[in-house]
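Asker: Requesting a structural model of the entry that follows:
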Amino acid sequence: MDLGLRDKVCVVTGASRGIGLAISRRLVAEGAGVLMVARGEARLQAAAQEIGAEWLAADVTDPDCAQRIVATAVEQLGGLHVLVNNAGTSANKPLTALTDEDWRDQFELNVMASIRLMRLAAPRMAERGWGRIVNVSSSSGKRPSASNAAYSVAKAAQLSASRAFADAYAAQGVLVNAITPGPVETELWLDDGGLADQAAKVAGVSREEALAAAKAKVPLKRFGTPEEIADVAVFLCSERSANVTGAAWSVDGGTVPIIL
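Answerer: Numbering: from 1, shown residues only. Okay, here's the model as predicted:
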C-alpha cells in the first residue's frame, strides 16, 4: 500500500532509539524526508546516518527548541508536513515519593514540549491545507499507573492537548491523533537499570520474574515491539488516515480494558 508519504517532510522527536527510531526508519522507507531530534548527539547522528535521515541534537524541554526544530526542517528539508511528538521517559516511583520537580519534569517533557511544537507546526501545515501530527502517549494516559502517577497524569494531559489541536485544525486539513502504547521491548524497559530492574527491586523479585509479571498483565502475553508501534504511527502520518482525527489509538496488546 502506498501511504502517500514520498517527499513529505517529517519531524520525529525522541528519535535516536526505541519507538522514535522505528518510526523514523519506517518514514524513510516510505520516501519521506525525516529530521530526527534527540538529546544525545553521538547516538542520534549514528542512527540518522544509518537510515538516511537528517538530525538535530536538541532538548525538547527547552522553550526555544521548538523554533529551532521547525526552522531546521524548513531550511534543510524544505518544509514541514508531519510531526511526531515521541520524546518521553518514565521511572518506577511511588506516588508518595514524587516531588514537585518530578511532576514538573513530566509535564514539561510530555505536555509543554508537544504543545510548543504543535503551536508552531499546525498553523504552517494549515497554510498548505495538509498536515499530520501524531503524539506518542501511553496506555498510562488512559488509566493511572501506580508505578509513576506523574507520568500518567502528563500523558493524560497530552491526550487532551491532542484532541484540542485536532478540533482546532481538522477543517484546515491538519489531522492530529495520538497513540497509546503499552509495555514495549525498548531500552526504557530492558536496559540495565531500566523499568524491568526497577520493578524487580520494588517487588523484591528477580528481573526475569518482574518481566514475566508485566507480560502476564497484557492479554497478548507479551510486550509490543517498536516496529509494531511504528506501523500504527506511520499510518496516522499518511494519506491513508484521511478520515481519522482526534483519536487516541490503543497499541498496547489489549492492556487497557476499555473500548475508547
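Asker: Would you map the helices across the stretch 101-250 of the chain?
Answerer: Assigned by DSSP state H, counting those that start in this stretch, the helices in the stretch 101-250 of the chain fall at 113-128, 149-169, 187-190, 195-203, 207-216, 226-236.
Asker: out of these, which comes closest to residue 84?
Answerer: Nearest to residue 84, of all the helices of the stretch 101-250 of the chain, is helix 226-236, at 6.3 Å by CB to CB. Glycine gets a C-beta too; all of them are placed from N, C-alpha and C.
Asker: residues making contact with the closest one?
Answerer: Identification of contacts with helix 226-236 by CB atoms under 8 Å, 6 or more residues apart in numbering yields 3, 5, 18-19, 21-23, 25-27, 30, 84, 132, 134, 136, 175, 177, 179, 181, 184-186, 241, 244, 249, 251.
Asker: circling back to that earlier point, now tabulate the helices of the stretch 101-250 of the chain in TSV and tack on distance to residue 70 and mean neighbour count.
Answerer: Listed next are those as TSV, based on distance: least, CB to CB, whole Å; neighbours: other CB atoms under 10 Å:
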stretch	distance to residue 70	mean neighbour count
helix 113-128	5	20
helix 149-169	15	21
helix 187-190	27	16
helix 195-203	32	18
helix 207-216	37	15
helix 226-236	20	21
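Asker: Serialize those helices to CSV and add fields for distance to residue 48 and mean pLDDT.
Answerer: As requested, the helices of the stretch 101-250 of the chain are exported to CSV (distance: least, CB to CB, whole Å; pLDDT from 0 to 100):
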stretch, distance to residue 48, mean pLDDT
helix 113-128, 19, 98
helix 149-169, 25, 98
helix 187-190, 17, 88
helix 195-203, 26, 90
helix 207-216, 31, 93
helix 226-236, 16, 98
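Asker: got a pLDDT number for the residue of the chain most remote from its centre?
Answerer: Centroid-distance maximum for the chain: residue 204 at 30.8 Å, with CA atoms, centre = their mean. Per-residue confidence at residue 204 stands at 94 (pLDDT).
Asker: hey, which helix or strand in the chain has the poorest pLDDT?
Answerer: helix 187-190 (a mean of 88; mean pLDDT, DSSP states H and E).
Asker: Does anything pack onto that one? Which helices or strands?
Answerer: Packing partners of helix 187-190 (3 or more CB pairs under 8 Å, 6 or more residues apart in numbering; DSSP states H and E): helix 195-203.
Asker: for the helix it packs on, packing partners?
Answerer: Contacts defined by 3+ CB pairs under 8 Å, 6+ apart place helix 195-203 against helix 187-190, helix 207-216.
Asker: Run through who's touching the least confident helix or strand of the chain.
Answerer: Contacts for helix 187-190 (CB under 8 Å, 6+ apart): 17, 18, 89, 90, 183, 194, 195, 196, 211, 214, 223.
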